Structures are given as C-alpha cells and as structure tokens.
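Enquirer: quick one: sequence plus predicted model below, questions after.
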Amino acid sequence: MFVTLEGVEGSGKSTQIERLCASLNAAGRPVTLTRQPGGCELGRTLRAILLSQKSSGLDDRAELFLYLADRAQHVAEVIRPALESGQVVVCDRYIDSTVAYQGYGRGLDVALLTRLNAVAVAGVLPDLTILLDLDAAAGLSRAMARNHAAGTAASEGRFEAEHLDFHTRVRRGYLALAAAHPQRFVVIDAAPVPELVARAVWQAVSARLGG
Ligand code: TYD
C-alpha cells in the first residue's frame, strides 16, 4: 500500500508521519518512510538546490523539472521496489505537491503538470493521499517558529519566504485536487492538537489497510 501525505508549510506533516509510521510498526506492518524531494541520493542533491535561498533566481520551469527528476529517480530506486517487496510506503509529498505548488502556486498549466507527473511516476500512484488541511497563515507562522527554533531559516526557507497569497493558492490547489479525487484523498483538519490529528490519520490509514 502506498500512502502520501500532503499539506501547506507548517501543516504538521513531519509529526504526523512519524506517528503514523509508529502506528504501522505497532500493527506489525513493515514500513518504508520516505520523502520528496530528497528520498534518494540524486534527490538529496536536488533537494539542497531546490530549498536553498541561493536558488531564488531559479526559473519556474527549471524548478519543475528538478522536482520531476527527483520523483522519477525516487520511484525507480525506492518506491517501486519497496511496494513490490510488500512494504507499506509512506511518502512525505508526491505528485500533488507539484500540482499545488508549481501549478496553483507558480501558475504553470495544471493539465500539463498532470501529464508530466504521469511520466515521472510511470504508473506508481498512491492508494491513499492524506491532506493535512490548514489555513495558510496559520501554517506559515508555525513553519517560521519551527525554522527559527531549529536554526534552519537560512538553508531551508525558500518556500516559507513566499508571500501569503502564494500559500493560499497552494492550499486552494490541494482542496481542488481532493475534490477531484475523492476516492484517493482524505482531508483532515490539521488545526487541532497533534494527538487528535494523529487519531484521524490512523483511522484513515487503518480503514484502507483492513479493506
Ligand atoms: P519540505 O522541507 O519537505 O517542506 P515541508 O517540511 O513543508 O514538507 O520542502 C519541500 C518543499 O518543496 C515544500 O515547500 C514544497 C516544495 N515542493 C514543490 O514545490 N513541488 C514538489 O513537487 C514537491 C515534492 C515539493
């Protein structure tokens, strides 16, 4: 089973993914936890470029192709083999991030992005996508606080530096994707305390595991 988690900056994905993997382990399910960008060696190099403030001059289309290159290699090297060996794969961001950020955020053509995503993943599609939905302003202030505490503002702040209306468009994009793919998406309100969000995430995943 292939599960992806999506959401705006500061929606709590990292915390929820950790909890989800702990629950899967406790249920005796072997898990591969991975992420995009940066889930394979090539991806780690690309991630450093993509998230660096130094890349502020990166052309939108160049940025797009770096995310797609990361995705293609990551699917071939990590995700497909793990799924074939019977693992549950949990991926922090996947195809929907490209549509939300490069499509709704940057303004690239969504239909084109959908086709390019299909080329990159070569048929490896999520069985379940959990959207941790949060107001963009609330998410941004959480992300800023986290970066400040971790001292990562300078190295990993390129997207956090975007204006609020960019993140508002990203959120709108996610909600549009969820509405367009109701079978695949479960939308969870990310505003409550982490324990409550984790419960909702586990409910969504365990329902699919059982089915
Ligand atoms: P990450 O540190 O994973 O962000 P977060 O902690 O918020 O999940 O950084 C990934 C960034 O890359 C994030 O801002 C979203 C962006 N992104 C895209 O713009 N397009 C994509 O296809 C992917 C996978 C990520």
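Expert: Right, received. Where do you want to start?
Enquirer: residues from the protein in reach of the ligand?
Expert: 9, 13, 35-37, 51, 67, 92-93, 97-98, 101-102, 156, 159 (CB under 6 Å from any ligand atom). Any C-beta I mention is one placed from the backbone N, CA and C, and that applies to glycine too.
Enquirer: of these, which one scores lowest on pLDDT?
Expert: Across the residues of the chain next to the ligand, the smallest pLDDT goes to E156, namely 54.
Enquirer: contacting residues for R19?
Expert: P194, A198, V201, W202 (CB atoms under 8 Å, 6 or more residues apart in numbering).
Enquirer: assign it to helix, strand or coil.
Expert: helix (DSSP: H, G, I helix; E, B strand; the rest coil).
Enquirer: now the most centrally placed residue in the chain: how far from I130?
Expert: For the chain, the residue nearest the mean C-alpha position is R93 (1.6 Å; CA atoms, centre = their mean). Distance of R93 to I130, computed by CB to CB, to the nearest Å: 11 Å.
Enquirer: for the record, mean pLDDT for stretch 18-30?
Expert: 97.
Enquirer: and for stretch 171-183?
Expert: The model assigns stretch 171-183 a mean pLDDT of 98.
Enquirer: CA atoms only: put the helix-or-strand element of the chain with minimal mean pLDDT into CSV for me.
Expert: Ranked by mean pLDDT, DSSP states H and E, the weakest helix or strand in the chain is helix 136-150, scoring a mean of 87. Extracted as CSV, the C-alpha positions of helix 136-150 are listed here (Å, rounded to 0.1, in the frame of the first residue of the first chain):
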residue,chain,number,x,y,z
ALA,A,136,-2.1,29.1,5.0
ALA,A,137,-1.4,32.0,7.5
ALA,A,138,-1.6,29.6,10.5
GLY,A,139,0.7,27.2,8.7
LEU,A,140,3.3,29.8,7.8
SER,A,141,3.5,31.1,11.3
ARG,A,142,4.0,27.5,12.6
ALA,A,143,6.7,26.9,10.0
MET,A,144,8.5,30.1,10.8
ALA,A,145,8.5,29.2,14.5
ARG,A,146,9.9,25.7,13.7
ASN,A,147,12.6,27.1,11.4
HIS,A,148,13.6,29.7,14.0
ALA,A,149,13.8,27.1,16.7
ALA,A,150,15.8,24.7,14.5
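Enquirer: may I see the buried residues of that helix?
Expert: Within helix 136-150, the residues that qualify as buried are A136, G139, L140, R142, A143, M144, R146, N147, counting by 16 or more other CB atoms under 10 Å.
Enquirer: cool, and stretch 168-186?
Expert: Buried residues in stretch 168-186 (16+ other CB under 10 Å): T168, R169, V170, R171, G173, Y174, L175, L177, A178, F185, V186.
Enquirer: now swap in stretch 123-131 and tell me
Expert: V124, P126, D127, L128, T129, I130, L131.
Enquirer: parallel or antiparallel, list what pairs with the strand or helix carrying the last one.
Expert: Read it as L131. For L131, the host element (DSSP states H and E) is strand 128-133. Paired strands of strand 128-133, with direction, are strand 2-7 (parallel), strand 185-189 (parallel) (DSSP bridges).
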